[in-house]
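Novice: quick one, what's the 3D model for this:
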Amino acid sequence: MPPARSRSGPPGGVKAVLGPTNTGKTHLAIERLCAHSSGAIGFPLRLLAREVYDRVCAIKGPGSVALITGEERIEPKDARWLLCTAEAMPVVQDNLAFVAIDEAQLSADRERGHIFTDRLLNARGREETMILGSATLEPMVRSLIPEAEIVSRPRFSTLSHAGAKKLSRIPPRSAIVAFSAEQVYTIAEMLRRFRGGAAVVMGALSPQTRNAQVELYQSGEVDYLVATDAIGMGLNLDVEHVAFAGLSKFDGVRQRRLTTAEMAQIAGRAGRHQKDGTFGTLTGSGHDSEFADEEVYAIEEHRFPPLTRLFWREPEPRFDDLATLIADLETPPEEPQLTLAPEAIDLAVLKRLAEDAAIAGDVRGPGLVRRFWEACSLPDFRQQGPDTHARFVARLWQDLRHGELGADYVAQAIAQLDNLSGDIHTLQGRIAAIRSWAYIAQRPDWVLARDEMAARARAVEARLSDALHAKLTERFINRRTAVLMKKVGADAALLSVRLEDEEVLVEGEHIGSLRGFAFRVDPGARHSDRKLLLAAAERHLPALLEKRAAALVDEIARGEAVLTIEDAEIRWDDQPVARLAAGRTLLSPQLVAERSLDALSAASHERLMAALGEWLAARLTPLDPLRKLDAAARSAEGGPELRALLIALVEAGGALARERSGLEKLDKEQRKALTRLGVRVGALDLFIPAMLRPAPIAAWHLLCEVAGCPVREGPPDETMPPVLPLTRNQRIPGYRNIGKQLVRLDMAEKLLREAHDCRTRANRKPFVLDPARAVSTGMTDASYARLLRLGGFQPKPSKPLREGMHGPPAPELWRWRPPRRPAAQETAPVVRPDNAFAVLADLVR
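Specialist: Sure thing, here's the model as predicted:
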């Protein structure tokens, strides 16, 4: 049995400040610390120690304040105020003027209770000692520290039960508490879908990640926090409602229902300072997930069963040998208020390694035994259990038994963890591992180049924490949905909506793209988000569309609009804004607005359609020669024969084969009228030269598609060369088939005119035709001969050379034989596609 440690405190008094959450106990301790010349406060969490360290630094200056935790030590030379975790807190009486221990009721915790019990009994300040904790600790304080002054502090705000609610009905500024990582993730995913997401707080997160997640909530970027019971200690948040996803948890031994004190510790996060809070449960969490009436009463009135015992373990064991060390650590306390702590992981690791002679066989002497115990006391940040943790400690002991860990070994271990890839679980594992190395590097005699290795470990932990925070935010927070959900309601019109390039931003969040007048939801949005985004667009896009419509009207007026026609649609910004539909005539199509323009006001819609109509009219200007014919065809002055011919020309796009066109039925005056209208009467075809260009042919082709009438294939390019090769028997407007090639109508007429000029000069004798011009256009001899035959020219075979004579063959001679006109038919003509003229003439009559 080791000698008992004296509990007679220094002259300074001991004050126990007890009460529920939100009573200002920690704030009071900070005030008292700063009022003394020196002091220390022990906290249950590294996170809390760091938070208070920052506050005290702002008061006393960084050079006078130290932060002492297992993984991080900031110890200026002249530091007089220490902020520590309970485990790292120095327990030396009289050295400091003020000492406080926070959340002292954790003395009843199975894992860490013996640490807090030791600080409760033995950590004393020279002038003042303060014990902060729950009112349930009062009987233990009176019994173990009878000289202590007990001060009860009431809660600043009230806490009331709000019953059970569905997750979708949980109000904003709420915290939902679950008791497993899987449940936390599931709830956060659900909140992401219909509330934009939630911040996530779990004990497995690093302090830096927890702070970053808490800041998301505190800043108002999200209105919900999903957490494990880690939220119940030390996190001062602006929470108005706490919802329990369950009322039972696994405590390391068994699954059990929370005690009323534990429920109150968590529920007490609701309502801060003078603002009241509420608590309740989630519906559908199970039959045992609702508060009993007596539990509600206890939480609201802060009445809980007092603690009847505290866990204790010998704080100063003897280090004579391993057996003595283990025996002292398993020695029960003498006081009835104390009970031996369950076997903690440090003791479990010690006992496992002590049984292995290869590891602990040479651990002899107080110095080596103490060092071995310090190695076994390495916290299991990875939470992998005694066996796995014991293997890790055994590897460290291979070097520690002989001195310090090599800098290369430590640096390599830290570098291996400096990997930011992987999912949330992977990053959490790396952070837990790097926390172990941060702890190792902080030990005063464990690592060579201690300061450098500690800095490296902290830097890697910071990077991993940032990566984990980003992963949590990416998975569980949809900033876009969160922003939209905040402003759904009467003030939705106040949202900032703007357009950057084609991206629609609402309060800076991308909700989709606007092409033309069509809104497209962000393709990366989840299916569940689409309704919300479409609703947001419907509410906020009309103003943007009005501006775009006005801008397009101005561009059309200035002739700067980039509009195209594809598949009978007028497109702007690669999106249809209107489409062409068949009108009363081929040359007068209707303009129909696309449905995307329905969001415009009536006035803007009318102005835009009028501007599009003007643009279309300008686009169809190349068809003016056909419009001239169309107008003449409607006039009765030309006579039925001419009107029928003009109608046929319009429908054919300004070119008709002369044969059976009805031209022979026109009198002299009608032929003159035809010429005045711009129609050229050729040897083979009637055509309008102005229509033998790409623009008018393309426009006519478009109108034929709109009207649904049969159309020929359009020109292959915009040059319309005089001769084209014939493929697949295609028919191209403005060209005539001459066998294996196509010749443009005006070129065919020019070649035939030249042939007639040669015939006239030959004075009715056979004549020679020079194919040079035809060949220069790309026409073959065979195609040229075919064209001549179609025009009524017949070749005369040349005489062969006499026997024995040599020289080039005689040139081919041609003569003209006018084609025979068909005999007049006394009966009604047969209606055929190539006899359209007769039908049209009858209709006109």
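
Novice: CA atoms for contacts and neighbours, from now on please.
Specialist: Fine.

Novice: would you confirm that residue 305 contacts residue 136?
Specialist: Yes. Using C-alpha atoms under 8 Å, residue 305 is in contact with residue 136, at 6.5 Å.

Novice: more crowded one of the two?
Specialist: residue 136 (20 against 12; other C-alpha atoms under 10 Å).

Novice: can you give me the strands for the stretch 301-450 of the chain?
Specialist: Taking DSSP state E, counting those that start in this stretch as the criterion, the stretch 301-450 of the chain contains strands spanning 310-312, 338-340.

Novice: my guess is residue 575 contacts residue 520, does it?
Specialist: No. Between residue 575 and residue 520 there is no contact under C-alpha under 8 Å: 11.3 Å.

Novice: still on that earlier bit, reformat the strands of the stretch 301-450 of the chain as CSV; add distance to residue 422, mean pLDDT and mean neighbour count.
Specialist: Shown next, in CSV, are these (distance: least, C-alpha to C-alpha, whole Å; pLDDT from 0 to 100; neighbours: other C-alpha atoms under 10 Å):
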stretch, distance to residue 422, mean pLDDT, mean neighbour count
strand 310-312, 40, 96, 25
strand 338-340, 42, 95, 20
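
Novice: of those, which approaches residue 69 most closely?
Specialist: Of all the strands of the stretch 301-450 of the chain, strand 310-312 sits nearest to residue 69, with 21.8 Å by C-alpha to C-alpha.

Novice: the closest one packs against which elements?
Specialist: Identification of packing neighbours for strand 310-312 by 3 or more C-alpha pairs under 8 Å, 6 or more residues apart in numbering; DSSP states H and E yields helix 113-122, strand 338-340.

Novice: return the most buried member of those.
Specialist: Mean neighbour count, computed with mean count of other C-alpha atoms under 10 Å, is highest for helix 113-122 among the helices and strands packed on strand 310-312, reaching a mean of 22.

Novice: counting contacts, what elements does that one pack onto?
Specialist: Against helix 113-122 (3+ C-alpha pairs under 8 Å, 6+ apart) you get strand 310-312.

Novice: I figured residue 733 hits residue 698, correct?
Specialist: No. Using C-alpha under 8 Å as the test, residue 733 is too far from residue 698 to be in contact (9.5 Å).

Novice: these two: which is more packed in?
Specialist: Legend: neighbour count by other C-alpha under 10 Å for residue 733 and residue 698, higher for residue 733 (25 against 20).

Novice: A strand includes the more buried one, no?
Specialist: No. Using DSSP: H, G, I helix; E, B strand; the rest coil, the assignment for residue 733 is coil, not a strand.

Novice: tell me the spacing between it and residue 115.
Specialist: Noted for residue 733: a distance of 97 Å to residue 115, by C-alpha to C-alpha, to the nearest Å.

Novice: any idea how many residues pack against residue 786?
Specialist: 17.

Novice: residue contacts, it?
Specialist: By C-alpha atoms under 8 Å, 6 or more residues apart in numbering, the residues touching residue 786 are 738-739.

Novice: how about a cut-off of 6 Å?
Specialist: Residue 786 makes contact with residue 738 under the criterion C-alpha atoms under 6 Å, 6 or more residues apart in numbering.

Novice: helix, strand or coil for it?
Specialist: Per three-state DSSP, residue 786 ends up helix.

Novice: hey, what's the nearest residue to residue 721 once chain neighbours are set aside bridged with?
Specialist: What sits nearest to residue 721 in space, not counting adjacent residues and going by C-alpha to C-alpha, 6 or more residues apart in numbering, is residue 744, at 7.6 Å. Residue 744 has these beta-bridge partners by DSSP bridges: residue 735.

Novice: next, count neighbours for residue 384.
Specialist: For residue 384, using other C-alpha under 10 Å, the count is 10.

Novice: pLDDT score assigned to residue 825?
Specialist: What the model reports for residue 825 is a pLDDT of 40.

Novice: apologies, that question was intended for residue 125.
Specialist: 93.

Novice: as a markdown table, the helices and strands packed on strand 310-312 with distance to residue 727 would be great.
Specialist: Formatted as a markdown table, these follow (distance: least, C-alpha to C-alpha, whole Å):
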| stretch | distance to residue 727 |
| --- | --- |
| helix 113-122 | 94 |
| strand 338-340 | 100 |
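
Novice: mind checking which of those is nearest residue 251?
Specialist: Closest among those, using C-alpha to C-alpha: helix 113-122, at 13.5 Å.

Novice: returning to that earlier point: and the helices and strands packed on strand 310-312: which comes nearest residue 780?
Specialist: helix 113-122 (105.8 Å).

Novice: and the angle from the helix or strand that comes right after that closest one to helix 113-122?
Specialist: Proceeding N to C from helix 113-122, the next assigned helix or strand is strand 128-133, under DSSP states H and E. Angle of strand 128-133 versus helix 113-122, following axes from the mean of the first three to the mean of the last three C-alpha atoms, to 10 degrees, is 150 degrees.

Novice: tell me the mean pLDDT for strand 128-133?
Specialist: For strand 128-133, the mean confidence score works out to 94.

Novice: give the other helices and strands that that strand contacts.
Specialist: Applying 3 or more C-alpha pairs under 6 Å, 6 or more residues apart in numbering; DSSP states H and E, we find strand 128-133 packed against strand 13-18, strand 98-101.

Novice: ok, and what's touching the first one?
Specialist: What that stands for is strand 13-18. Counting by C-alpha under 6 Å, 6+ apart, 128-135, 148-152 sit against strand 13-18.

Novice: buried subset of those residues, written for PyMOL?
Specialist: For the buried members of the contacts of strand 13-18, the matching PyMOL selection, counting by 16 or more other C-alpha atoms under 10 Å, is:
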select buried, resi 128+129+130+131+132+133+134+135+148+149+150+152
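
Novice: quick check, nearest of the contacts of strand 13-18 to residue 193?
Specialist: Of these, the one sitting nearest to residue 193 (C-alpha to C-alpha) turns out to be residue 134, at 38.3 Å.

Novice: now do the contacts for that closest one.
Specialist: Residue 134 neighbours (C-alpha under 6 Å, 6+ apart): 18-20, 105.

Novice: for the helix or strand harbouring residue 213, C-alpha coordinates in PDB please.
Specialist: In this structure, residue 213 is located in helix 207-218 according to DSSP H and E. Taking C-alpha atoms only, helix 207-218 is exported to PDB below (Å, rounded to 0.1, in the frame of the first residue of the first chain):
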ATOM      1  CA  PRO A 207     -11.000  20.100 -32.000                       C
ATOM      2  CA  GLN A 208     -10.200  22.100 -35.100                       C
ATOM      3  CA  THR A 209     -12.800  20.300 -37.200                       C
ATOM      4  CA  ARG A 210     -15.400  20.600 -34.400                       C
ATOM      5  CA  ASN A 211     -14.700  24.400 -34.200                       C
ATOM      6  CA  ALA A 212     -15.100  24.700 -37.900                       C
ATOM      7  CA  GLN A 213     -18.400  22.800 -37.900                       C
ATOM      8  CA  VAL A 214     -19.700  24.800 -34.900                       C
ATOM      9  CA  GLU A 215     -18.800  28.000 -36.700                       C
ATOM     10  CA  LEU A 216     -21.000  27.000 -39.600                       C
ATOM     11  CA  TYR A 217     -23.900  26.800 -37.200                       C
ATOM     12  CA  GLN A 218     -23.000  29.800 -35.100                       C
END
